[in-house]
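Asker: Kindly generate the corresponding structure for this input.
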Amino acid sequence: SYGGGADTLSGRELLCGNADVTVSFVTASGPGALYRNAGADELFYVHEGAATLETSFGTLDAVQGDYVVIPRSTTHRWVPHAATPLRALVFETAGHIRPPKRYLTQLGQFHQEAPYCELDLKRPQGPLLAEGREVEVLVKTAAGWTRYVYQRHPFDVVGWFGCNYPYALNIRDFSPITGSFHRPPPVHQVFEAPNCVFCNFVPRMLDYDERAMPIPSYHSNVDSDELIFYAEGNFFSRKGSGIERGALSLHPAGHVHGPQPAAWASGGERVGQRTEEIAVMLDTFRPLLLNPGALSPSSDSYYRSWNAKDGAA
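Answerer: Numbers count the residues shown, from 1 in each chain. Sure thing, here's the model as predicted:
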């Protein structure tokens, strides 16, 4: 369990990061202060609960499984819905978060073969027309924190113009290309930012040729660190490793990894079947450095879970 606080700022627990991206987990039970990140784009993945994102562009309702992209310098606050605290994975990137360029035409429209399209994106509804004077906004910059005081509420707008605004995409609306044999990881890519990519694994058909090996082969990420958040499902390739819902794994560049022995033993039974896993993956092209807060709940036996003699982590 990571994070825990009154809102999405005090409830963030920094897990790891580098100069290009940081990764936190947040648990928030109440509305936060008005906030603007002037140094990074933010990407939320809603793991549990639901919330309304209030912004100067209007409101956006986010539910479980939603990615929410918040461009830098967007004044906003999160208002969790009362029933369940908001629990989310949060990425902050030094560069802009955007759909992969190969999904878009030269005119900026999604290709028909892209795994999602404009119709899958949720935009803010509004504007808010909020009232208030002497309103404080917390601003995060590369140098630290500061506080602005506005004479009028920053949400007191009558409209906006342009193409840079927050939006949401639910992970269940992502439709990867499947094939008779194993497809390479780029088919799972959902967003990109400088020096990192975001992928997701969703319910889908496994390799369906009778000669196929439906579980991933052993491999080594030569150019990138690989961080995976296991959100929902059976995680069949991690069977016997101790990986459960809400777990994170980090495989540094050059570390050979693949299916655990229990998954390998039952892999032949899965030809022509589906996997029901939902997971979020970050690949970085510079090493991820761990924050001490990420070490206390870690399992020191995970790296031995590929050894059948050691058993599960």
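Asker: Return the residues in contact with residue 85.
Answerer: Going by CB atoms under 8 Å, 6 or more residues apart in numbering, residue 85 touches 27-29, 48-49. Using the backbone N, CA and C atoms, a C-beta is placed for each residue, glycine as well.
Asker: residues touching the closest residue to it other than its chain neighbours, list them.
Answerer: Once flanking residues are discounted, residue 85 sits nearest to residue 29: 4.5 Å by CB to CB, 6 or more residues apart in numbering. The contact partners of residue 29, by CB under 8 Å, 6+ apart, come to 5-7, 11, 80, 85-86.
Asker: Save those residues as JSON lines, and put in distance to residue 228 too.
Answerer: Output for these, formatted as JSON lines (distance: CB to CB, whole Å):
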{"residue": "5", "distance to residue 228": "25"}
{"residue": "6", "distance to residue 228": "29"}
{"residue": "7", "distance to residue 228": "27"}
{"residue": "11", "distance to residue 228": "22"}
{"residue": "80", "distance to residue 228": "26"}
{"residue": "85", "distance to residue 228": "23"}
{"residue": "86", "distance to residue 228": "21"}
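Asker: CSV please, covering those and showing pLDDT, distance to residue 64 and secondary structure.
Answerer: Output for the contacts of residue 29, formatted as CSV (pLDDT from 0 to 100; distance: CB to CB, whole Å; DSSP: H, G, I helix; E, B strand; the rest coil):
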residue, pLDDT, distance to residue 64, secondary structure
5, 64, 20, strand
6, 83, 21, coil
7, 90, 19, coil
11, 90, 17, coil
80, 94, 12, strand
85, 91, 12, coil
86, 95, 10, strand
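Asker: Filter those residues down to the buried ones.
Answerer: Among the contacts of residue 29, those classed as buried by 16 or more other CB atoms under 10 Å are 5, 7, 11, 80, 85-86.
Asker: Go through those residues and name the one nearest residue 284.
Answerer: Closest approach to residue 284 among the buried ones among the contacts of residue 29 (CB to CB): residue 11, at 24.0 Å.
Asker: gap between the closest one and residue 85?
Answerer: 9 Å (CB to CB, to the nearest Å).
Asker: joint contacts of these two?
Answerer: Common neighbours of residue 11 and residue 85 (CB under 8 Å, 6+ apart) are 27-29.
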